[in-house]
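Chemist: The following block contains a protein sequence and its predicted model.
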Amino acid sequence: MLYYGDNLEILRRHIRDESIDLVYLDPPFNSDQDYNVLFAGESGQRAAAQIKAFGDTWRWDQAAALAYQESLDSGGRVAEAVRAFRILLGESNLMAYLAMMAPRLAELRRVLKPTGSLYLHCDPTASHYLKLLLDAIFGAQRFRNQITWKRTSAHSSARRYGPVSDLLLFYWKGERGIWNGGHHPYGADYVRQRFGRGGDRPWKDADLTGAGVRHGETGQPWRGFDVTSLGRHWSFPPLQLDQLDLEGRIYWPAKQGGWPRLKKFLDESPGIPLQDIWTDIAPINSQAQERLGYPTQKPEALLERILSASSREGDVVLDPFCGCGTTVAAAQRLGRRWIGIDITHLAINLIRHRLRDSFGAEVSFRVLGEPVTLEDARNLAASDPYQFQWWVLGLVGARPAEPRKGADRGIDGRLYFHDEGGGRTKQILLSVKGGKVGVAEVRDLGGVLAREQAELAALLSLEEPTAAMRKEAAAAGIYTSKWGSKHPRLQLLTVAQLLAGQRLDYPATRANVTFKRAPKAAPREVRQLDLDPE
């Protein structure tokens with residue numbers, strides 16, 4: 001399930017109590033800003049905190065002030081924590097961030113099952129404040145780990161040590177949570193030094209005893225060795241020790257008096273148990289196959305490790321700031337049910353493409369919160385023109401125009417396609433209009449088409465084009481593909497037509513290459529999971 005909208009509202013309206021097994025969240029925060037900016041006071045007159053894709057823009061405004069007051073009204077430890085933050089931080093951007101996070105984290109605790117876990121991904125800019133906030137919401141005794149992930153390679157930094165790490169704050173909701181642990185492979189040097197025996201089947205020796213005296217079977221002497229004299233006990237009862245010896249799994253040191261030890265074979269060892277510092281997961285670099293062009297994209301290996309450690313197949317995973325969809329992609333790959341929430345249509349559209357590219361027909365999901373009627377579209381255009389623009393572009397498989405030097409005048413989005421083997425990438429220029437349109441808009445788009453030397457252009461509008469507009473569009477002529485198919489160079493489509501399923505008219509073979517394709521997922525022997533376990 002994908003939800004478009006503010007995650008606080010969606011959590012309250014749509015996610016029931018104790019229905020989620022694992023929450024992972026990576027809230028947007030502009031950690032590259034200078035601390036002087038983060039602690040600077042704000043006027044409080046901005047209308048609402050805007051959380052936009054590709055921009056972390058928490059600000060102290062009316063929305064942040066209301067969220068702060070809501071936390072105070074809730075009482076308890078959370079109220080005490082945010083009140084203390086306000087005294088320390090004032091009406092700063094950082095205070096706005098914490099004020100807006102407090103009710104969201106409280107809702108995330110509500111929706112977690114008693115055995116559920118939460119991982120909050122952050123960096124040292126705000127991690128210590130978030131730790132205190134989570135302690136207030138979950139209880140300090142529910143804190144499990146602060147995991148350090150080395151997210152980038154070493155680099156120089158002015159007047160400080162190079163910042164190369166992110167942090168993951170890991171909490172359980174109850175006294176016990178789902179825990180599968182995890183391992184990573186032994187290093188080559190470790191294998192060479194420790195697994196030096198056994199020839200074709202290397203093994204190392206390990207202790208056959210455990211700390212403390214036992215008075216049952218495991219405390220009895222075995223083969224002349226009195227384990228109680230050491231203040232210890234056998235790790236296995238005598239009959240099992242006999243069987244291990246018959247199987248050649250016990251090592252008998254040659255030296256006089258040497259105690260027997262257990263043989264641990266390399267091919268049976270899971271590796272080194274995971275610790276709280278992770279240096280073996282590479283970040284998304286410019287050459288990574290899974291890179292989709294989203295600035296804060298996290299590697300799937302990171303999410304797969306978290307999901308494998310703290311959830312099981314069929315469990316429900318929730319990401320309330322799902323961005324480009326790494327969490328939901330990892331959940332789908334590992335056979336978990338999933339819920340993703342994001343406040344931008346751009347992110348929802350990107351996730352839709354990512355899932356289709358990676359899993360094809362294997363994945364089925366619903367998107368809630370997007371306009372489904374013309375009236376919905378009109379309301380979105382009136383309330384948030386940028387979201388309306390991103391949503392309309394998503395209907396035709398396009399993405400917003402990236403700003404260029406000198407500004408893309410008259411271009412809201414671009415769609416790229418190929419229509420010849422080994423040929424150059426071609427483009428369709430898109431203009432989205434939520435208000436009144438006339439011949440002037442068509443004429444302007446025709447001028448942009450000529451200026452950019454693009455193959456096609458389209459005006460996507462809420463309003464029905466007039467006869468004069470259609471005549472002006474027809475004057476732009478016809479584009480003929482390399483194999484002879486013909487397509488109007490300047491097309492006019494309404495939102496109503498797009499909602500009804502009509503699409504842009506352009507060459508179909510190897511057509512839309514606008515989005516970088518996510519790598520195809522390896523097939524799994526797992527059935528498609530419905531979100532509702534019942």
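Modeler: Cool, got the structure. Residues are numbered from 1 along each chain as shown.
Chemist: A140: neighbouring residues, count only.
Modeler: Neighbour count of A140, defined by other CB atoms under 10 Å: 12. C-beta: built from backbone N, CA, C; applies to glycine.
Chemist: Quick check: bridge partners of the closest residue to T209 other than its chain neighbours?
Modeler: Excluding the flanking residues, the one nearest T209 by CB to CB, 6 or more residues apart in numbering is R232, at 4.3 Å. Beta-bridge pairing for R232 (DSSP bridges): A211.
Chemist: Hmm, R232 is touching F225, no?
Modeler: No: contact between R232 and F225 fails when scored by CB atoms under 8 Å: they sit 10.6 Å apart.
Chemist: Those two - which one has more neighbours?
Modeler: Neighbours per residue (other CB under 10 Å) separate R232 from F225, with R232 holding more: 18 against 14.
Chemist: how near is that one to Y24?
Modeler: Separation of R232 from Y24 (CB to CB, to the nearest Å): 41 Å.
Chemist: Next, find the distance separating the closest residue to P273 other than its chain neighbours from Q491.
Modeler: Of all residues not flanking P273 in the chain, H183 sits nearest, at 5.7 Å (CB to CB, 6+ apart). Distance from H183 to Q491, counting by CB to CB: 56 Å.
Chemist: In terms of neighbours, single out the busier of these two.
Modeler: Q491 (19 against 11).
Chemist: Tell me what the more buried one is bridged to.
Modeler: A458.
Chemist: what's near enough to touch it?
Modeler: Q491 is in contact with L456, A457, A458, L459, A473, L504, D505, counting by CB atoms under 8 Å, 6 or more residues apart in numbering.
Chemist: So what's the residue count around L368?
Modeler: Count around L368 with other CB under 10 Å applied: 13.
Chemist: For it, give the beta-bridge partners.
Modeler: Counting by DSSP bridges, the residues bridging with L368 are Y3.
Chemist: for it, what are its contacts?
Modeler: M1, L2, Y3, Y4, H14.
Chemist: what's the distance between the residue nearest to T209 and G484?
Modeler: If you go by CB to CB, the gap between R232 and G484 works out to 84 Å.
Chemist: And the pLDDT at the residue nearest to M95 when sequence neighbours are not counted?
Modeler: Using CB to CB, 6+ apart and skipping the chain neighbours, the partner closest in space to M95 is L89 (4.1 Å). Per-residue pLDDT puts L89 at 93.
Chemist: wait, L89 sits on A99?
Modeler: No: if you go by CB under 8 Å, L89 and A99 don't touch, sitting 9.6 Å apart.
Chemist: Which residue of the two possesses the greater neighbour count?
Modeler: Taking other CB under 10 Å, L89 and A99 do not tie; A99 has more neighbours (27 against 20).
Chemist: That one is in contact with A67, isn't it?
Modeler: Yes: the pair A99 and A67 passes the contact test of CB under 8 Å, sitting 4.6 Å apart.
Chemist: what's the residue nearest to P273 sitting at in phi/psi?
Modeler: The phi/psi pair for H183 (degrees, to the nearest 10) reads phi -140, psi 160.
Chemist: quick one: contacts for it?
Modeler: For H183, the contact set (CB under 8 Å, 6+ apart) comprises P270, G271, I272, P273, L274.
Chemist: top of the residues you listed by neighbour count?
Modeler: L274 leads the contacts of H183 on contacts (other CB under 10 Å) with 17 neighbours.
Chemist: Could you measure from the nearest residue to that residue once chain neighbours are set aside over to G271?
Modeler: In space, and not counting its chain neighbours, L274 is closest to G182: 4.4 Å by CB to CB, 6+ apart. With the distance defined as CB to CB, G182 ends up 9 Å from G271.
Chemist: that older thread, which one of the contacts of H183 sits closest to S383?
Modeler: L274 (45.4 Å; CB to CB).
Chemist: Just name the shakiest helix or strand of this structure by mean pLDDT.
Modeler: Every helix and strand in the chain was compared by mean pLDDT, DSSP states H and E; the lowest is helix 35-38, with a mean of 44.
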